[in-house]
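Asks: Requesting a structural model of the entry that follows:
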Amino acid sequence: MNKLLLLSMTFLVILTGCNGIGDKKDSETKEQVDKSATPIKAEIQLSNQAKTGEKTKIVVEVSQNDQPVNASEVVFEIVKTGENTKQMIDTKNTKQGNYEAEYIFQTAGTYRITAHVTASNMHTMPEDEITVVQAGNVSSSKKNTTSEHHHSHVEFEFNPKAVQSIGKQELLVSIKNEHHPLEKSEVQFEVWLEGTDKHLYIPANEIKPGSYMAEITFSETGIHNIQIHVVKDEIHDHSKYQVNIQN
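Replies: I've put the predicted structure just below:
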């Protein structure tokens with residue numbers, strides 16, 4: 001009887017220990033999933049004003065769960081108000097979660113600066129503006145001392161009216177660059193309910209040259225924002241739409 005009791009107690013101790021290990025692993029797994037599901041944040045650090053012909057530092061800080069994280073890619077997009085030409089500027093990782101670039105503005109005006117940040121399989125694009133004032137005669141032959149920059153003319157064809165009902169929906173977009181289908185690109189749909197901070201990132205599949213599709217299930221009615229991101233080589237672009245999801 002004593003031996004049987006001893007064996008029973010030993011079995012209970014081992015079982016309890018295994019359950020404890022299993023619970024710990026489940027907790028760690030859940031913590032990792034929760035962390036990876038937390039949206040990344042990116043904040044641009046930029047002065048309000050700059051002068052033509054002078055170096056201007058542009059900084060973006062990347063974080064997740066209030067901790068700095070390194071990104072797989074960070075580039076700055078610079079567009080002058082009233083113009084369609086954009087320049088993509090490479091950045092330098094100076095410390096954990098910190099990316100910098102220097103740029104020389106050649107003409108006065110207002111410029112929109114967008115940071116294209118990819119980290120933890122998510123993409124975010126904070127924006128800021130800077131006013132550039134004339135600092136005197138600037139040689140038109142003076143070149144930018146930043147990293148290589150590129151130009152692109154990307155067109156998106158997306159019909160918001162095709163996405164209106166709650167439940168499963170197909171998101172379809174056609175993308176062209178210089179009037180030609182933009183093939184074999186990384187395309188992602190970023191979707192969020194207006195007034196909320198929870199963003200859903202959905203990778204798209206190319207169903208034919210330049211056309212991409214993804215599926216989403218809308219569980220709430222109301223205005224939803226859909227931002228389409230496309231990345232290929234030097235091209236980093238996006239386009240934003242709104243859809244009204246109803247029952």
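Asks: For the spatially closest residue to Asn177 that is not a sequence neighbour, the count of nearby residues, please.
Replies: Of all residues not flanking Asn177 in the chain, Val154 sits nearest, at 5.2 Å (Cβ to Cβ, 6 or more residues apart in numbering). Where C-beta positions appear, they are placed from N, C-alpha and C, glycine not excepted. Neighbours of Val154 under the rule other Cβ atoms under 10 Å: 18.
Asks: count of residues packed around His123?
Replies: Residues lying near His123 (other Cβ under 10 Å) number 24.
Asks: quick one: it is in a helix?
Replies: No - assigned with DSSP: H, G, I helix; E, B strand; the rest coil, His123 falls outside any helix and is strand.
Asks: Residues in a beta bridge with it, which ones?
Replies: When bridges are called by DSSP bridges, His123 pairs up with Thr118.
Asks: Hmm, Tyr201 and it touching each other?
Replies: Yes - using Cβ atoms under 8 Å, His123 is in contact with Tyr201, at 6.6 Å.
Asks: Spit out the residues that contact these two alike.
Replies: Between them, His123 and Tyr201 share these contacting residues under Cβ atoms under 8 Å, 6 or more residues apart in numbering: Gln188, Glu190.
Asks: where in this structure is pLDDT low?
Replies: Within the chain, the segments meeting pLDDT under 70 span 1-37, 136-152.
Asks: So for this structure, the centremost residue is which one?
Replies: For the chain, the residue nearest the mean C-alpha position is His123 (1.6 Å; Cα atoms, centre = their mean).
Asks: Please give me every residue in contact with it.
Replies: His123 makes contact with His116, Val117, Gln188, Glu190, Tyr201, His229, Val231 under the criterion Cβ under 8 Å, 6+ apart.
Asks: so where do the helices sit in this protein?
Replies: Counting by DSSP state H, residue ranges of the helices within the chain are 2-37.
Asks: How about the contacts made by Glu215?
Replies: Contacts of Glu215 (Cβ under 8 Å, 6+ apart): Lys168, Gln169, Glu170, Leu171, Ile202.
Asks: List buried residues within those residues.
Replies: Among those, those classed as buried by 16 or more other Cβ atoms under 10 Å are Gln169, Leu171.
Asks: Closest one to Asn98 out of the contacts of Glu215, please.
Replies: Nearest to Asn98 among the contacts of Glu215: Ile202, at 28.8 Å, using Cβ to Cβ.
Asks: thinking that closest one is in contact with Ala214, fair?
Replies: Yes - at 4.5 Å, Ile202 counts as touching Ala214 under the criterion of Cβ under 8 Å.
Asks: Quick check: neighbours shared by those two?
Replies: Counting by Cβ under 8 Å, 6+ apart, the contacts common to Ile202 and Ala214 are Leu171, Phe189.
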